[in-house]
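# the following block contains a protein sequence and its predicted model.
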Amino acid sequence: MEHKNQYANWWSKLLFKEKFENQFFIPLPSSWIEDKVLKTIEKVKFNLDLSDIKIDRPVFIVGLPRSGTSMLYNLLCAHEDAAFITNSINACPEAICTIEWLRKKYNLNASGERFLADSIETDFGSPSEPALLWGKWIGRDVDSLYWEEKRLKDFSPEKIQEITNDIRKILFTFGATKEHPKRFICKYPVMQTELRMVQDLFPDAHFIHIVRDSRPAANSLKKLYHLTNNQIKKIKHPWVTYIVPYPRVKSLKSLIEKYGDEDIRTTAHIWQDSIKLVHETAPDLKHYMEIRYEDILAKPEESMRKLFDFCEMNYPAADNAKYKHEFGIIGVTHHKNHYKDYDIIEDITRETLQKLGYI
């Protein structure tokens, strides 16, 4: 099925057609004048005291790329009390309130399928992976193949204040007040190394670990490697020339040296080691839940009710059209995958497949 991009109005198409058609999870940078204008508006119009807005039980979705994290993210973010990082916010992390105010006030929007060609529709207001914000907050180097674990001691009081202020701004853009709080929801598919640090920052954080059968997942990770690096070349990204879109587990560098970064044995081991790392970390997390992607597909309402209960959120209202739409497209795809090497993957991941009930 052919997916055509749509634009909310003439201004949206004029201003954002090129950027939307050259989308990437690390967005192309704004021009210096765009950056200057946005920061000026943010400083003048949105110099607000938001300290009364509470960051209450934030929800973090962790799971390997291509494991249903986006599907789950879209479902949770469709809740009427959810607040999240939009594609617009991720593209303009220094002007959070301004970009959301402009987007809504002037109905600036473009929509279409993600560049990953994975049947997931996206627009400026869709939930986004926080690639630029995470770099601003945590300081991770996308070129590095290993991230040393950070803890609270690694952050200055000023940095902690910056992180909490930014999240309060996000909550504010979704209408949060002291009297009417919202719940911050975030997903980042390479967050496996960050879980204790996130809980250090937010002691009441709730973590959802979504897992998927290694046999299609390892194939899909390999496909992701090609899609992301082809997109970098296509859009001529000015500062990202190559990326390894896998979690930064300790084994990553040695696996790439041994097998290569696009070998099925690499992605199978990454699946194994990433899930092992989360399982080792889980006992240290106060609020942790694991769910299989396949169980959401098989029993969507039962699964989602369990997830919302875990998050301490009411099930979405019957008249919530956004949630109804996301729920209605669970498991719906318009693309076809041609996966192979299941025997190789199963040999590498057998122990964890058995632990998770896949074999």
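Noted; the coordinates are in hand. Residues are numbered from 1 along each chain as shown.

# all contacts plus neighbour counts: C-alpha atoms, from now on.
Fine.

# buried residues in the helix or strand harbouring Ile348?
Assigned by DSSP states H and E, Ile348 belongs to helix 342-355. If you call a residue buried by 16 or more other CA atoms under 10 Å, then helix 342-355 has these buried ones: Ile345, Glu346, Ile348, Thr349, Arg350, Thr352, Leu353.

# over to stretch 176-194?
Counting neighbours by 16+ other CA under 10 Å, one finds that the buried residues in stretch 176-194 are 176-177, 181-194.

# give me the neighbour count for Ala282.
As a burial measure, Ala282 scores 18 neighbours (other CA atoms under 10 Å).

# mind starting the numbering at 206 from now?
Fine by me, first position is 206 from now on; the one you just mentioned is Ala487.

# apart from its chain neighbours, what residue comes closest to it?
In this structure, Ala487 finds its nearest non-sequential neighbour in Tyr493, 6.6 Å apart by CA to CA, 6 or more residues apart in numbering.

# which residues does the one you found bridge with?
Here Tyr493 shows beta-bridge partners Phe412, assigned using DSSP bridges.

# so it touches Asp409, yeah?
No. Judged on CA atoms under 8 Å, Tyr493 makes no contact with Asp409 at a distance of 10.7 Å.

# tell me which element Asn542 falls in.
Applying DSSP H and E, one finds Asn542 in no helix or strand.

# for the stretch 406-555 of the chain, which segments count as helices?
In the stretch 406-555 of the chain, helices defined by DSSP state H, counting those that start in this stretch lie at 419-440, 457-464, 469-486, 498-503, 505-515, 526-533, 547-560, listed in chain order.

# pLDDT value on the residue nearest to Ala487, please?
pLDDT recorded at Tyr493 is 98.

# what about it, how many residues nearby?
Burial measure for Tyr493: 16 neighbouring residues, criterion other CA under 10 Å.

# now do the same contact list for it.
Listed by CA atoms under 8 Å, 6 or more residues apart in numbering, the contact partners of Tyr493 are His411, Phe412, Ile413, His414, Ala487.

# rerun at 10 Å
Phe265, Ala410, His411, Phe412, Ile413, His414, Ala487, Phe515, Cys516 (CA atoms under 10 Å, 6 or more residues apart in numbering).

# what's the average pLDDT for the helix holding Ile553?
Taken as a whole, helix 547-560 carries a mean pLDDT of 97.

# just checking, what packs against that helix?
Contact here means 3 or more CA pairs under 10 Å, 6 or more residues apart in numbering; DSSP states H and E; on that basis helix 547-560 packs against helix 419-440, helix 469-486.

# what mean pLDDT does the first one get?
For helix 419-440, the mean per-residue pLDDT is 94.

# quick one: distance of that helix to the chain centre.
For helix 419-440, the separation from the chain centroid amounts to 16 Å (computed by CA atoms, centre = their mean, to the nearest Å).

# how about that helix: buried residues?
Of the residues in helix 419-440, those buried under the neighbour-count criterion (16+ other CA under 10 Å) are 419-431, 433-434, 436-437.

# point out where the stretch 456-564 of the chain drops to low pLDDT.
538-540 (pLDDT under 70).

# I'd say Arg510 and Leu280 touch.
No. In this structure Arg510 lies outside contact range of Leu280 using CA atoms under 10 Å: 11.4 Å.

# list phi and psi for Leu269.
Main-chain dihedrals, Leu269, degrees, to the nearest 10: phi -60, psi 150.

# mind telling me what element the spatially closest residue to it that is not a sequence neighbour is part of?
The spatially closest residue to Leu269, leaving aside those adjacent along the chain, is Pro394, at 5.2 Å (CA to CA, 6+ apart). Element membership of Pro394 [criterion: DSSP H and E] is none; it lies in no helix or strand.

# who's in contact with Pro394?
266-275, 334, 415, 450-452.

# now do Asn292
Asn292 makes contacts with 228, 230, 232, 305, 327-335, as judged by CA under 10 Å, 6+ apart.

# you'd agree Glu495 is up against Phe265?
No. Between Glu495 and Phe265 no contact is recorded; they are 12.0 Å apart, counting by CA under 10 Å.

# those two: which has the busier surroundings?
Phe265 (23 against 17).

# any idea how far the more buried one is from Pro521?
Using CA to CA, to the nearest Å, Phe265 is found at 19 Å from Pro521.

# tell me the centre residue of this structure?
To find the centre residue of the chain, average its C-alpha atoms and take the closest one (CA atoms, centre = their mean): that gives Glu334, at 3.1 Å.

# tell me how far it lies from Lys222.
When distances are taken as CA to CA, Glu334 and Lys222 turn out to be 21 Å apart.

# can you check Asp261 too?
Between Asp261 and Lys222 the distance is 37 Å, computed by CA to CA.

# these two: which is more packed in?
Per other CA under 10 Å, whichever of Asp261 and Lys222 has more neighbours is Lys222, with 17 against 14.

# which among the helices of the stretch 406-555 of the chain is found nearest to Phe360?
Nearest to Phe360, of all the helices of the stretch 406-555 of the chain, is helix 469-486, at 20.5 Å by CA to CA.

# distance between the ends of stretch 351-358?
Distance between the boundary residues of stretch 351-358 (CA to CA) amounts to 20 Å.

# can you list the buried residues in it?
In terms of neighbour count (16+ other CA under 10 Å), stretch 351-358 has its buried residues at Tyr351, Lys355.

# got it, and stretch 365-375?
Residues of stretch 365-375 classed as buried under the neighbour-count rule (16+ other CA under 10 Å) are Ile368, Thr369, Asn370, Asp371, Ile372, Arg373, Lys374, Ile375.
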